[in-house]
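[1] Starting from these lines, generate the structure:
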Amino acid sequence: MKIVFDPEVPEELREEIKNVVEGGKIEAPCPECGAEEIYVALLDKILDVKCYDCGHSFAEIELEEE
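    Model (predicted):
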């Protein structure tokens, strides 16, 4: 599975996000279109993990500030 990050996702968070996505219940290929690429976008404090090709949403993850 290939993970593509939106440019707005901070560089320092990408490795941790990658570990969460790969270690979670998100599995490629996409059940809707069969694509192997995942797209991670940052919308306010929500990470939207979706299929790169068709936009099928796998998960939304809320970020917390520490």
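
[2] From the chain's centroid, how far away is stretch 6-16?
    10 Å (C-alpha atoms, centre = their mean, to the nearest Å).

[3] Residues contacting it, please?
    Contacts of stretch 6-16 with the rest of the structure, by C-beta atoms under 8 Å, 6 or more residues apart in numbering, involve 5, 17, 39, 40, 41, 42, 47. Any C-beta I mention is one placed from the backbone N, CA and C, and that applies to glycine too.

[4] Mind doing that once more with 6 Å?
    5, 40, 41, 42 (C-beta atoms under 6 Å, 6 or more residues apart in numbering).

[5] So which of those residues wins on neighbours?
    The most crowded member of those, judged by other C-beta atoms under 10 Å, is residue 40 (23 neighbours).

[6] Can you show me the helices along this protein?
    In the chain, the helices defined using DSSP state H lie at 11-23.

[7] can you give me the strands in it?
    Along the chain, counting by DSSP state E, strands occupy 2-5, 37-43, 46-51, 57-62.

[8] what's the least confident stretch among these?
    Here the lowest mean pLDDT among those goes to strand 57-62, at a mean of 89.

[9] Which other helices and strands does that one contact?
    Contacts defined by 3 or more C-beta pairs under 6 Å, 6 or more residues apart in numbering; DSSP states H and E place strand 57-62 against strand 46-51.

[10] Show me what the strand it packs on is packed against.
    Right, strand 46-51 is packed against strand 37-43, strand 57-62 by 3+ C-beta pairs under 6 Å, 6+ apart.

[11] let's see it at 10 Å
    Under the contact definition 3 or more C-beta pairs under 10 Å, 6 or more residues apart in numbering; DSSP states H and E, strand 46-51 sits against helix 11-23, strand 37-43, strand 57-62.
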